[in-house]
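Undergrad: one predicted model, sequence on top.
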Amino acid sequence: MDRTLIAGVLKEEMSRTDGISVDCGVGIASLLTGKERLPGRPHVQGVLTDGGEAVLADLIVDAAGRGSNMVRQLSEIGAPRPLEERHDSGMRLYTRRFDSPETCPGPARWSLRHFDGVTVTSVSAGRGTCSMTLGISDEDLQLYSLAEPSAWSRAARLYEPLLPPLSGKPSPGVWVTPRVESSYRRFVLGGRPVATGTVSVGNAWAAVNPLLGLGPSMGLLHTVLLRDALRQVGVEDTVVRFDHLTQDLLSPLHHRITDWEERLQARNGGASGTLSPPIAAPDEEIARQDATPVTPVTPVTPVTLARDLQVRFSLISADAESSIRTGPSRAQLVEALARRSAT
């Protein structure tokens with residue numbers, strides 16, 4: 001799901017919903033604490049903005065994304081440190097956008113392919129917004145020239161025949177993501193929250209490789225789980241209930257993606273460009289579940305949505321693996337980058 005599309009839909013929905021106000025450009029300097037609800041655990045009753053304003057609430061929801069400061073801010077009020085895991089994928093990403101309805105027709109699509117020395121993602125949001133991303137090993141210095149627009153274009157043309165159609169005039173520059181990192185945080189340890197009165201959702205809870213295109217959908221499902229937790233137990237017990245729902249429905253997918261990333265990184269073998277054997281297919285039980293058809297009358301619930309995300313990941317990873325030994329070699333990619341004239 002495309003982030004630009006999601007942002008537009010959310011903005012439109014909030015503008016016509018009573019009781020919601022939006023303050024743009026306001027940062028959070030620190031958390032404000034109140035009377036403890038659990039012995040030895042701080043209770044968050046609000047935030048102090050970077051403008052010095054105190055904002056109080058029954059529940060503080062951290063949705064600050066990958067750059068969330070919640071772990072540090074919790075430590076500042078004396079909370080135990082949450083469980084935190086980080087995984088560097090070892091990749092650098094080079095992206096260009098195409099913003100013309102004429103060049104990006106048809107429904108939304110997401111294509112991920114692995115080739116010798118590079119992973120290529122082609123994305124269309126179905127509303128005139130397209131992009132292509134070339135992902136390389138962070139150690140492959142020979143391919144860093146992809147940051148130069150004409151070099152990027154020469155490289156992209158090697159893979160265009162093997163991907164869904166994506167044409168037209170690209171954006172002027174190349175967007176470089178120098179480090180792609182997955183993260184995971186858990187704020188309930190041993191059945192007790194590290195603090196009450198606050199939860200983290202979406203990428204502020206756990207972030208996955210953006211090449212998979214699953215982050216926005218996982219974040220939206222996570223907010224649905226928060227809604228359900230509030231309805232089931234109320235604000236006082238939301239933190240523990242929300243953690244329970246998250247562990248049941250979303251954490252398994254995150255860990256499965258992380259395991260896949262680690263195998264991919266090991267297979268790529270750094271800058272050598274040597275192909276290792278393909279990554280193993282999903283285990284038999286997961287593959288069997290993924291192959292089970294879902295009838296149109298199946299009710300849409302958090303459980304079915306979580307299962308749909310598992311299926312989607314299986315399809316993406318299997319589709320990507322099918323391209324490992326096809327397409328241009330890394331030597332051809334290096335040769336294309338070395339040519340001086342843009343094509």
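TA: Received, thanks. Computed from a prediction, not measured in an experiment: that's the story for all the values here.
Undergrad: helices of the stretch 151-300 of the chain, residue ranges please.
TA: 215-233, 238-249, 251-268, 284-291 (DSSP state H, counting those that start in this stretch).
Undergrad: mean pLDDT lowest where, among those?
TA: Comparing mean pLDDT across the helices of the stretch 151-300 of the chain, the weakest is helix 284-291, with a mean of 42.
Undergrad: next structured bit after it?
TA: Remark: after helix 284-291, the chain's next helix or strand is helix 302-321, criterion DSSP states H and E.
Undergrad: report the angle between that next one and helix 251-268.
TA: Here helix 302-321 points in a direction 10 degrees away from that of helix 251-268 (axes from the mean of the first three to the mean of the last three CA atoms, to 10 degrees).
Undergrad: next SSE downstream of helix 302-321?
TA: Note on helix 302-321: by DSSP H and E, the next helix or strand toward the C-terminus is helix 330-338.
Undergrad: select, out of the helices of the stretch 151-300 of the chain, the one closest to residue 32.
TA: Residue 32 lies closest, by CB to CB, to one member of the helices of the stretch 151-300 of the chain: helix 238-249, at 16.8 Å. C-betas here are computed from N, CA, C, even on glycine.
Undergrad: identify the residues contacting the closest one?
TA: If you take CB atoms under 8 Å, 6 or more residues apart in numbering as the criterion, helix 238-249 is touched by 59, 186-188, 191-193, 195-199, 205, 221-222, 225-226, 228-230, 232-233, 302-303, 306.
Undergrad: residue 151 against residue 145, yeah?
TA: Yes - using CB atoms under 8 Å, residue 151 is in contact with residue 145, at 4.7 Å.
Undergrad: mean confidence score for the top strand by length along the chain?
TA: Ranked by residue count and defined by DSSP state E, the top strand of the chain is strand 28-38. Mean pLDDT, strand 28-38: 95.
Undergrad: among the contacts of helix 238-249, the buried ones, what's the PyMOL command?
TA: Burial among the contacts of helix 238-249 is assessed by 16 or more other CB atoms under 10 Å; the matching PyMOL selection reads:
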select buried, resi 59+186+187+188+193+195+196+197+198+199+205+221+222+225+226+229+230+302+306
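Undergrad: for stretch 247-264, which positions count as buried?
TA: Quick answer for stretch 247-264 (16+ other CB under 10 Å): 249-251, 253-254, 256-258, 260-261, 264.
Undergrad: shaky segments in the stretch 1-150 of the chain?
TA: Residue ranges of the stretch 1-150 of the chain with pLDDT under 70: 1-6, 100-108, 125-128.
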